[in-house]
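A.B. asks: one predicted model, sequence on top.
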Amino acid sequence: MGSKYSKYEHLKTIESPLNQAQGLKITRSGLQINQEVTNKPLNKKMVEKLRRNPKTAPDVLIILNPPFCDIDRITDNLYLTGMGGLTEENISTLNITLIINATYEMPLLRMKGVDSFRVPVDDDGNDEIILYFDDVANLIDQTSRLKGRTIVHCMAGASRSSTLVIAYLIKYHDYSLKTAFCYVKSLRSCARPNIGFFAQLIAYERFYRKETSVEIIEIVKKGKKVQVPDFYPQMFPELFKAEINRQLNKSHISNIKLQESKERNYINPRRKYQDMQRDIQAMIGKNTTTNPLK
């Protein structure tokens with residue numbers, strides 16, 4: 001994988017990490033995995049209630065609105081979204097047969113005729129999401145060959161899920177990392193792997209393509225060192241600024257802008273995704289007789 005990213009080399013020796021992960025209660029980084037399993041996904045009516053609820057927290061509201069709740073077609077058999085797009089209507093209309101849940105926080109959705117797998121990682125560049133690249137890519141390819149359809153999601157559909165989709169494109173569509181990222185970005189405006197995941201995608205690209213199309217560069221902003229993909233400054237200046245702010249604020253999805261909006265959406269860097277999910281569950285519970293997430 002190259003000396004610069006050689007720390008990921010040992011992961012190739014672990015057999016079927018995705019299958020092993022389905023029995024985990026704690027992530028490799030020590031976070032507790034949500035053990036709930038549900039057969040009742042959100043529906044559009046529930047999502048709309050949450051949007052109108054004045055008690056909905058700002059960070060929850062952001063991921064329940066476009067572009068994060070959009071469900072974007074990557075290929076004829078592959079879709080990418082956030083939790084707001086993982087609705088009963090979308091799953092049914094698109095004939096989804098495989099769900100990849102790229103979170104440790106959300107309940108695992110199991111429905112008749114739909115397979116579900118969890119990739120238990122945080123949106124933290126230190127989490128070894130590369131561990132799951134091959135298994136997830138293989139599942140997506142197998143599902144496509146069987147004329148099935150896959151949906152990959154995380155909380156916002158921005159970092160974890162887009163990283164897995166880009167890895168699939170590198171392995172099965174022979175895309176370079178740079179091409180795969182630009183392609184996914186053109187289809188899903190909020191797609192943005194965190195910088196640690198980008199480094200792991202570089203290692204993955206080197207393994208399969210024997211070369212790399214992206215390098216991580218280091219710059220100094222406000223007296224602090226930050227890292228960005230080398231093509232960001234010229235090709236994605238807004239994303240370049242957002243990535244710098246993200247690293248300076250040390251937040252999961254801070255400074256992500258809504259599509260067609262000039263408003264700055266600040267996410268409290270101390271507020272974790274599991275807190276967002278807890279609030280969502282609580283609000284749904286108050287507005288329905290049966291909690292759809294249980």
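C.D. replies: Yep, it's here.
A.B. asks: what residues of whichever strand or helix holds residue 227 count as buried?
C.D. replies: Assigned by DSSP states H and E, residue 227 falls within strand 224-229. Using 16 or more other C-beta atoms under 10 Å as the burial criterion, the residues of strand 224-229 that qualify are 226, 227, 228, 229. Just so you know, the C-beta spots here come from the backbone N, C-alpha and C atoms, and that holds for glycine as well.
A.B. asks: who's in contact with the first one?
C.D. replies: Residues in contact with residue 226 (C-beta atoms under 8 Å, 6 or more residues apart in numbering) are 218, 219, 220, 243, 244, 247, 248.
A.B. asks: same check on residue 202?
C.D. replies: Contacts of residue 202 were listed using C-beta under 8 Å, 6+ apart, and they are 5, 177, 212, 214, 215, 216.
A.B. asks: about what we covered before: redo the buried residues of strand 224-229 as CSV? Include pLDDT.
C.D. replies: Output for the buried residues of strand 224-229, formatted as CSV (pLDDT from 0 to 100):
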residue, pLDDT
226, 93
227, 95
228, 96
229, 97
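A.B. asks: out of those residues, the closest to residue 169 would be?
C.D. replies: Nearest to residue 169, judged by C-beta to C-beta, of the buried residues of strand 224-229 is residue 229 at 16.0 Å.
A.B. asks: just checking, residue 229 touches residue 214?
C.D. replies: Yes: the criterion here is C-beta atoms under 8 Å, and residue 229 meets it with residue 214 at 5.2 Å.
A.B. asks: report the buried residues of the host helix or strand of residue 116.
C.D. replies: Assigned by DSSP H and E, residue 116 belongs to strand 115-118. Residues 117, 118 are the ones in strand 115-118 that count as buried (16+ other C-beta under 10 Å).
A.B. asks: helices along the stretch 101-250 of the chain, start to end?
C.D. replies: Assigned helices in the stretch 101-250 of the chain, in chain order: 133-145, 160-172, 177-187, 195-209, 232-235, 237-249 (criterion: DSSP state H, counting those that start in this stretch).
A.B. asks: adding distance to residue 57 and mean pLDDT, write these out as CSV.
C.D. replies: Formatted as CSV, the helices of the stretch 101-250 of the chain follow (distance: least, C-beta to C-beta, whole Å; pLDDT from 0 to 100):
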stretch, distance to residue 57, mean pLDDT
helix 133-145, 30, 96
helix 160-172, 20, 98
helix 177-187, 27, 97
helix 195-209, 25, 95
helix 232-235, 30, 96
helix 237-249, 18, 89
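A.B. asks: wait, which of the ones you listed is closest to residue 41?
C.D. replies: It is, among the helices of the stretch 101-250 of the chain and with distance given as C-beta to C-beta, helix 160-172, at 16.1 Å.
A.B. asks: number of residues surrounding residue 189?
C.D. replies: Here the count is done by other C-beta atoms under 10 Å, and residue 189 has 19 residues near it.
A.B. asks: if we ignore the residues flanking it in sequence, what's nearest it?
C.D. replies: residue 67 (4.8 Å; C-beta to C-beta, 6 or more residues apart in numbering).
A.B. asks: that neighbour and residue 190 touch, don't they?
C.D. replies: Yes: contact criterion C-beta under 8 Å: residue 67 and residue 190 qualify, at 4.6 Å.
A.B. asks: which one (most neighbours) among the contacts of residue 226?
C.D. replies: Neighbour counts for those, by other C-beta under 10 Å, peak at residue 243, which reaches 21 neighbours.
A.B. asks: give the contact list for the nearest residue to it once chain neighbours are set aside.
C.D. replies: Nearest non-adjacent residue to residue 243, counting by C-beta to C-beta, 6+ apart: residue 228, 5.2 Å away. The neighbours of residue 228, taking C-beta under 8 Å, 6+ apart as the test, are 195, 216, 217, 219, 240, 243, 244.
A.B. asks: with respect to residue 51, which of the residues you listed is nearest?
C.D. replies: So of the contacts of residue 228, ranked by how close each gets to residue 51 (C-beta to C-beta), first place is residue 243, at 27.8 Å.
A.B. asks: I'd say the closest one and residue 192 touch.
C.D. replies: Yes: with contact defined as C-beta under 8 Å, residue 243 reaches residue 192; the gap is 7.4 Å.
A.B. asks: who touches both of these two?
C.D. replies: With C-beta under 8 Å, 6+ apart, residue 243 and residue 192 have no common neighbours.
A.B. asks: alright, that wraps it up for me.
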